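In: take this sequence and fold it.
(2 chains)
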Amino acid sequence: MASRHDSKGERLFDVFNYVGLSILILACLYPFAYVVFASLSEANAFMAHSGILLHPLGLDFSSYKAVFSNPNILQGYRNTLIIVVGGTALNLALTSLGAYGLSRKNVKLATPIMLGIVFTMFFSGGIIPVFLLVTKTLHLGDNLLALILPTAINTWNLIIMRTSFAAIPEELIESARIDGASEPFILARIVLPLSMSVISVMLLFYGVQHWNAWFQAVIFLRDRELYPVQLILREILIQNNTSAMSQGAGSGSDTYSIGETIKYATVIVTTLPILFIYPFLQKYFVKGVMIGAIKG
Amino acid sequence: MRESIGSSLRKDMIRNKAIYLMLFPVIAFYVIFEYGPMYGAVIAFKDFNVGRGIWGSEWVGVSHFNDFFSSIYFWRVMKNTFVINFYLLIFAFPAPILLALLLNEVTSNPFKRTVQSITYLPHFISVVVVVGMIVQFTERNGFITQLLSHFGGSSQASLLAFPENFRAIFVASEIWQQIGWGSIVYLAALSGISTEQYEAATIDGAGRWKKALHVTIPGIMPIIVIMFILNMGKFMTIGFEKIVLMYNPNTYETADVINTYVYRVGLSGSFEFSYATAVGLFQSALNFALLILANWISRKVNETSLW
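Out: Now for the predicted structure:
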């Protein structure tokens, strides 16, 4: 919108705007850069250093070796993968079934059902009843299903998908119906193939949600063998427990200092998958958020 | 009349049988995992005993609620909940709006896209990692602590060890994580403002500042109001997972909110299910009332509302 007629003040604003936004970019990126530099640093050099890092101090991959040889992290990774794959598959199946049924215009009960669903966005029984339902009624304590079933549908995502399905021309569906296609066939062969961008958005939202989830695991799982990687990460990063990994890496202060760089290596190892898929799905999710926000 | 509603419904059920069958698992999910716990919340009015179950436990009326209202923690968690959310509302809520307005003034598209992709990124990072980074960076020799020491602040211990720092760190980290992601809806709304309005303003002699004030901001006002009301709808639940990871007994004084209190008395340490459910239910009801209130006020004042 800038033009050659901009006043001095407006040009000054432009300068400040670009500088301010560049600082914001830096503020968003630097913490990640710091983590990368710290994870690659030599443990003792890193311990002796304080303040910002502009490059790794030396180059040492032993923290990564320690992370990859930690059985807890590997097992956590495995559990997380099960939850992400199983959970996201169930999410997509249920969300598309719901979005399809609730987006059809001639279904009389669609509106009341939708109202009942939207109500749950704003009122809930609270975490204690959920805990009792899952552990005492359904007996799913210490079971990975406890991390999958209670989050099988995210209402916000359901609204996004429903809005997207509703935009598919009714005539397309009607003509398939006249040709004798069944409803599941219409969903699978006509609606879903036309909705690849919203499906990518759902994959990203649900996948990331499962990958990052930790709180339900805290309340539903006692058995350490079932812990997702985020819980292991919490022990290492926040509860400060790196002893299992740095054992054998030396003794005394050495153990402590290698513990510090291990923390950063663990962050990298557990965040990398998200950083990898992010650029590929980015062009889709902006669209998804917009659909959900404006029409929802 | 009733009969005809009944019979037209029956016709609908028969005609759309396949669709209702497809909706069945969805409805089952909401009944079991959303409405089930709402029923389960009746234990707030009972003395829940695991052996006797929800139905068999004894009714105690509102005594758990009274216990909460007269507990020494009541004012602490109420105050913290409101203060933290108030800070979020005045600092974290406008931040994405400001970012969207600033991005709207950027003429270089590559630069705009770069800012967008980079600022969206923190939204996808797990709370555990974000809090982990905060813990590391605010330690005595962490880089944030060291940076702040150049501006006069000096600390002999982790910044998170002091109650007076907690809220600032929490709110700053929320802004860091959500500023970019939150701006998407406003950018979408901005792109919906017709160029004719800007052209008309130019003809009237408006500069960029005048246009922003009289065209851009009014143009996105409805979406700001909607986002504000939605925000009120989850007012008290925001940030719970982050607070649980970030606080410690030293900072309970400024950090302990209703949700974290429910978690502590109900699921970690002690297991006072009925009492914790009562506190949680009180919060849900308060939150729902806030949503209704915000919606009502907004409908009166500027005729934008959720329903």
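In: now the closest residue to chain A within the stretch 101-250 of chain B: which helix or strand?
Out: Residue nearest to chain A within the stretch 101-250 of chain B (Cβ to the nearest Cβ): residue B:132, separated by 3.1 Å. Every C-beta, even on glycine, is put in place using the N, C-alpha and C of the backbone. In the assignment (DSSP states H and E), residue B:132 maps to helix B:127-137.
In: now residue A:77
Out: helix A:71-103.
In: which helices and strands does that helix pack with?
Out: helix A:110-122, helix A:155-166, helix A:196-212, helix A:229-237, helix A:253-295, helix B:17-30 (3 or more Cβ pairs under 8 Å, 6 or more residues apart in numbering or on different chains; DSSP states H and E).
In: how about those, which one is nearest residue B:182?
Out: Residue B:182 sits nearest to helix A:253-295 of all the helices and strands packed on helix A:71-103, at 9.8 Å, using Cβ to Cβ.
In: can you list phi and psi of the residue nearest the centre of chain B for me?
Out: By Cα atoms, centre = their mean, the mean C-alpha position of chain B lies nearest to residue B:238, the distance being 3.5 Å. Main-chain dihedrals, residue B:238, degrees, to the nearest 10: phi -60, psi 130.
In: before we move on, what about the one 10 residues further on?
Out: According to degrees, to the nearest 10, the main-chain angles of residue B:248 amount to phi -150, psi 170.
In: could you report the neighbour count for it?
Out: The local packing of residue B:248 (other Cβ atoms under 10 Å in any protein chain shown) involves 14 other residues.
In: same check on residue B:41?
Out: Neighbours of residue B:41 (other Cβ under 10 Å): 22.
In: ditto for residue B:42
Out: 18.
In: in contact with it, which residues?
Out: residue B:54 (Cβ atoms under 8 Å, 6 or more residues apart in numbering or on different chains).
In: again, but for residue B:237
Out: Shown in contact with residue B:237 (Cβ under 8 Å, 6+ apart): B:259, B:287.
In: quick check, it in a helix?
Out: No. The assignment for residue B:237, made by DSSP: H, G, I helix; E, B strand; the rest coil, is coil rather than a helix.
In: how about it, phi and psi?
Out: According to degrees, to the nearest 10, residue B:237 has phi -100, psi -10.
In: and the gap between it and residue B:122?
Out: 20 Å (Cβ to Cβ, to the nearest Å).
In: and of the helices and strands packed on helix A:71-103, who's closest to residue B:110?
Out: Nearest of these to residue B:110, taken as Cβ to Cβ: helix A:253-295 at 14.8 Å.
In: ok, the closest residue to chain B within the stretch 151-296 of chain A - how many residues close by?
Out: Among the residues of the stretch 151-296 of chain A, residue A:237 lies nearest to chain B; the distance is 3.1 Å by Cβ to the nearest Cβ. The number of residues packed near residue A:237 is 26, by other Cβ under 10 Å.
In: for it, what are its contacts?
Out: A:263, A:266-267, B:128-129, B:131-132, B:135-136.
In: assign a three-state SS to the residue nearest to residue B:56 when sequence neighbours are not counted, would you?
Out: Spatially, and ignoring its direct neighbours in sequence, residue B:56 is nearest to residue B:49 (7.4 Å; Cβ to Cβ, 6 or more residues apart in numbering or on different chains). Of the three states, residue B:49 takes coil under three-state DSSP.
In: what's around the residue lying closest to residue B:304 once chain neighbours are set aside, how many residues?
Out: With Cβ to Cβ, 6+ apart as the criterion, residue B:304 has its nearest non-adjacent residue at 4.4 Å, and that residue is residue B:225. Around residue B:225 there are 20 other residues, counting by other Cβ under 10 Å.
In: show me what the host helix or strand of residue B:275 is packed against.
Out: Following DSSP H and E, one finds residue B:275 within helix B:273-302. With contacts taken as 3+ Cβ pairs under 8 Å, 6+ apart, helix B:273-302 sits against helix A:110-122, helix A:127-132, helix B:63-69, helix B:217-233, helix B:258-266.
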